[in-house]
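Asker: just coords:
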């Protein structure tokens, strides 16, 4: 954990309510460091519906493989998350470690191994000694409580400078339901990479297939629209659980993704996912600025997103932001390299409300001073209109600073 | 131009021979700065065959559009290159500027405007005042000489820390021919981006279509296998000219790309292109290390190149190199995110001769000290075997240092 908190951290944290149907506990299992909390257990006393989305890496970690295999079963009773070791690129030993962890968790909680979900973050390539879990999971199950969200968010932090929590409420058929979520950022810990992890739980009663549909759709404009440095972890994991406790208040189970009762829930979930995702971007390593990049007028929404991510991932755009430089030439460059249809002579570019380029050239009324003032803000909106169609997308990123290089390059010197 | 020369600069520069059929001159036209050489004129007294490859940007500069339009004519008499202004994203004014420059050059040299080629590097979005060329091109044509390669390479430098020249010889049908080339690097100049430009000239007598074929094939394993920061300029230009002067020594014109007499020439050209490309990468902004990344065992050569570029463009791999960190976990990450077929459990990774990972896990015989010693070198070979097929590619990049961020982010503060 870093000594200083990101300047982009939220000014205050929400009070996280307990959520019926889930209990949590943390422990220090000595995975990598002594006397440091490094394991989180989530327990669902009644089977929860489960959905997940995972890294697109072709070299995923063993826990990602394990979760993907269990997902068709659709029901969760326990989640074990550890920091200190990613159990990635660990060959057959990695598979053995996930099997042993699942066995320990199933015994502790009293469920099937196919009702257990796992996530690991930390060093790559080191075998994970899963025997360390066996001793602690039983105690953790006994002491787990519902009022534990802030502590859970803290327990899964690595290079994060602040814990990431969010909560929302919605109604399903007149019954109030709650959604709580935690996340940790994509950062590095010596000597290897860490991971983006997020766990979201609701007390709504929703069938697994519907839950998966909601999550797969919700991840696109949130976590999949957020980039810190364009590098994809082997272990990225986002899971959504529905405990179904709201059934006790008379909420009839949602069995279809077209159920109109889902509208409010879907909005609340998407809002929470976006909030968690931007919290991750705001804690990007070395970040001092947050860029919200909106592309309009592309040939399609997908094309708009490709262009927006090309801008967001450009080292030259990100270093310009760090330097508070309204460098729209680099935006043009990033639009051009994205590979999607673009017509130089139709492009328009704004920093905040300041239009700096229009019709393929510098805006004749462009004020360098006004644009520079926008760049001095902590939150910088960038908009690019491609002028070809109706495709639209918004993505978020942070700036690229010397501190990023220091965090990721200096630790061995 | 930077005050200090890159630590990766060549220890010595080749003597550049004159090349029959081409003359060059430079001048200070005051494009952006006073009293600074900012225009290069190349003159072919007899029409030279011409080939070109250009940026893949969807928002190319006006000179790139101009060159592409002239290329089917196949013959060049003059090349005008300026620094200080990229004439990119300048709308209709940009087109007017290329037309006026071409007219001035055609008048100065006495040729058609479709025999003129143009390249510009410097600020984006500023209209280029092409009237400044009219006054100087006539004089430049009168004073242009053949023995001017080093000066020409210097005249097109922007943030380059050293001039990039290379020369090779070959035989075509028993007649000795020479190939000379110059290049400038992809770097930034305040307040906008610069460009990769390279001009290669041979005295061989080769038909334009054959020349284009040679260049299009030669650019793939050279300039298109080299990345500094993954950002593509609006203006990248690589041109190859054949003056045909060797016809005077009895070299019969090459009319077919399958002509076996081309073998030696093709090798010499490819070697020269690779040399110039690596010189550009070695002068990457802030670079202290050169990485040669070879991927073997991929499903195809194209897949190998995609994976190699994913490694080369990863900020985490590049910062690890800057920190002299043998961080093979980040290599696994970059392989995984490339999107090409990969099997985690077949991967093997080497730094230099040190195999750090094999069969999807850490090499049991891996010595951290030996790997660290490789990382201390200025030139670091990285090899990844995917274990799936016979696809192979090699790419080059430099490390990502705080100095890169400073060069691209600090100049306005």
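Answerer: All right, it came through fine. Keep in mind the model is a prediction, meaning the values are calculated, not measured.
Asker: by contact count, what packs against the helix or strand where residue A:281 lies?
Answerer: Assigning secondary structure by DSSP states H and E places residue A:281 in helix A:263-282. Counting contacts by 3 or more Cβ pairs under 8 Å, 6 or more residues apart in numbering or on different chains; DSSP states H and E, helix A:263-282 is packed against strand A:164-172, strand A:175-184, strand A:197-202, helix A:208-219, strand A:226-227, strand A:290-298, strand A:391-398. C-betas here are computed from N, CA, C, even on glycine.
Asker: mind listing what residue A:397 touches?
Answerer: A:226-228, A:281, A:284, A:290-291, A:293, A:312-313, A:318 (Cβ atoms under 8 Å, 6 or more residues apart in numbering or on different chains).
Asker: What helix or strand is the residue lying closest to it once chain neighbours are set aside located in?
Answerer: Nearest non-adjacent residue to residue A:397, counting by Cβ to Cβ, 6 or more residues apart in numbering or on different chains: residue A:312, 3.8 Å away. Following DSSP H and E, one finds residue A:312 within helix A:301-313.
Asker: Who are the packing partners of that helix?
Answerer: Helices and strands touching helix A:301-313, as assessed by 3+ Cβ pairs under 8 Å, 6+ apart, comprise strand A:226-227, strand A:290-298, helix A:328-337, strand A:379-385, strand A:391-398.
Asker: Contact residues of the stretch 51-200 of chain A facing chain B?
Answerer: Residues of the stretch 51-200 of chain A lying close to chain B (Cβ under 8 Å from any Cβ of the partner chain) are A:55-60, A:88-94, A:123-127, A:188, A:191-193.
Asker: Among the residues you listed, which are located in helices?
Answerer: Using DSSP state H, the members of those that fall within helices are A:91-94.
Asker: Pipe the residues you listed into TSV and attach pLDDT and distance to residue A:182 per row.
Answerer: Shown next, in TSV, are those (pLDDT from 0 to 100; distance: Cβ to Cβ, whole Å):
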residue	pLDDT	distance to residue A:182
A:91	85	30
A:92	88	31
A:93	91	29
A:94	93	25
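Asker: which non-adjacent residue is nearest residue A:20?
Answerer: Residue A:20 sits nearest to residue A:245 (Cβ to Cβ, 6+ apart), 3.5 Å away.
Asker: Can you give the distance from the biggest strand by length in chain A to the centre of its chain?
Answerer: Determined from DSSP state E, the single longest strand within chain A is strand A:39-54. Distance of strand A:39-54 from its chain centroid, counting by Cα atoms, centre = their mean, to the nearest Å, is 17 Å.
Asker: Equivalent analysis for stretch A:21-31, please.
Answerer: Put simply, stretch A:21-31 sits 20 Å off its chain's centre (Cα atoms, centre = their mean).
Asker: what inclination does the helix holding residue A:312 have with respect to strand A:290-298?
Answerer: Angle, helix A:301-313 to strand A:290-298, by axes from the mean of the first three to the mean of the last three Cα atoms, to 10 degrees: 150 degrees.
Asker: For helix A:301-313, buried residues please.
Answerer: Neighbour-count burial for helix A:301-313 flags A:301, A:303-313 (criterion: 16 or more other Cβ atoms under 10 Å in any protein chain shown).
Asker: ok, of those, which one's closest to chain B?
Answerer: Lowest distance from chain B to the buried residues of helix A:301-313 (Cβ to the nearest Cβ) belongs to residue A:313, with 7.7 Å.
Asker: unless I'm mixing things up, the closest one is touching residue A:231, no?
Answerer: No. Judged on Cβ atoms under 8 Å, residue A:313 makes no contact with residue A:231 at a distance of 9.5 Å.
Asker: and residue A:126, how many neighbours does it have?
Answerer: Residues lying near residue A:126 (other Cβ atoms under 10 Å in any protein chain shown) number 22.
Asker: on that earlier part again, now for the ones in helices among the residues of the stretch 51-200 of chain A next to chain B: which two are most distant?
Answerer: Among those, the pair separated by the greatest distance (Cβ to Cβ) is A:92 and A:94, at 7.1 Å.
Asker: For residue A:239, give me its contacts.
Answerer: Counting by Cβ under 8 Å, 6+ apart, the residues that residue A:239 touches are A:50-52, A:67, A:79, A:117, A:119, A:198-200.
Asker: What of residue A:44?
Answerer: By Cβ under 8 Å, 6+ apart, residue A:44 lies in contact with A:21-22, A:76-78, A:241, A:243.
Asker: how about a cut-off of 6 Å?
Answerer: Counting by Cβ atoms under 6 Å, 6 or more residues apart in numbering or on different chains, residue A:44 touches A:22, A:76-77, A:243.
Asker: Between helix A:301-313 and the helix holding residue A:281, find me the angle.
Answerer: 30 degrees.
Asker: chain center to helix A:263-282, what's the gap?
Answerer: 10 Å.
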